[in-house]
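1. I'd like to go over a predicted model; first the sequence, then the structure.
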Amino acid sequence: MGRVTDKIALITGGASGIGRATAELMAHEGATVVLSDLQDGAGEDTVAAITAAGGRAQYHHHDVTDEADWKKIIAAILAEHGRLDILVNNAGVGGNGLPVEETPLELWRATMAVNLDGVFLGVKHGVAAMKENSGAIINTSSILGVVGLPLTAAYTASKGGVRLLTKAVAIECAARGLKIRVNSVHPGFIDTPMVGGAIQRGGPERRDAILKSQPTGEMGQPSDVAEGILYLASDAAKFVTGSELVIDGGYLAR
């Protein structure tokens, strides 16, 4: 315990899946966790669970595509806690399963708004909040930010954008002498509500295909990714920036 003791951490998409697992783990390791989401009930449930376990947490309703919302939540954190040490840009939406020629422009833009614009806004306002002190920013990308997959054009493009945005900002922060580390995590098939929704749409065949694609023969758990995020957020990763941490059960090693 204590890998992020007394750190102030903001985790977007913190109400479920990887975000919730990360919030719970960081609170267990000593951080004060601010989690944000659009799922207010689930967000409050996560805070209640963390508090019941002896941790410190609070929830904010937060639309990551809205810059005014970013200004509001960052201002609230700075007013209450005086600083922001860790930002996990985790909020995201999944793929649509449509052929590229059938993908509406509106759907493409909606995917980009959450998965890429939301991360850009987080990085923008996170760096502004951290630059007088120090901090760690972790952006959730995907294995599909590294390789392609049929019927995922918008999702894959958005996650690829997150991967390179992360590297660009990491190098910029270093060049400017800012003590801000910026890294990305690249989960594979993780047993989350998002992946569960894709499986439900695709039926048993979809689940079988996912499991067959896994060298380990199984999907990962949200806690597997949370441990990686915690490492990147902690002082153990003080010499790690601009990196991509793949947590995929060997998928990309094939």
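-> Right, received. Where do you want to start? Note that the structure is a prediction, hence the values are computed from the model and not measured.
2. residue 126 reaches residue 88, doesn't it?
-> No. If you go by CB atoms under 8 Å, residue 126 and residue 88 don't touch, sitting 9.7 Å apart. All C-beta spots, glycine's among them, are computed from the backbone N, C-alpha and C.
3. mean confidence score for the helix or strand hosting residue 33?
-> Assigned by DSSP states H and E, residue 33 belongs to strand 32-37. Average pLDDT, strand 32-37: 98.
4. cool, stretch 65-73 as well?
-> On average, the pLDDT along stretch 65-73 is 98.
5. over to stretch 160-178?
-> The average pLDDT within stretch 160-178 is 98.
6. what residues of stretch 180-197 count as buried?
-> Across stretch 180-197, burial judged by 16 or more other CB atoms under 10 Å covers 180-190, 192-195.
7. nearest to residue 110 among those?
-> Distances from residue 110 to the buried residues of stretch 180-197, taken as CB to CB, are shortest for residue 194 (14.9 Å).
8. so what sits against both of residue 126 and residue 88?
-> 10, 137 (CB atoms under 8 Å, 6 or more residues apart in numbering).
9. and these two? which has more neighbours close in?
-> residue 88 (31 against 26; other CB atoms under 10 Å).
10. chain center to the helix or strand containing that one: distance?
-> Following DSSP H and E, one finds residue 88 within strand 86-89. How far strand 86-89 lies from its chain's middle: 7 Å, per CA atoms, centre = their mean, to the nearest Å.
11. list the buried residues of the helix or strand just after it.
-> Using DSSP H and E, the helix or strand that directly follows strand 86-89 along the chain is helix 105-112. Buried residues in helix 105-112, counted by 16+ other CB under 10 Å: 108, 111-112.
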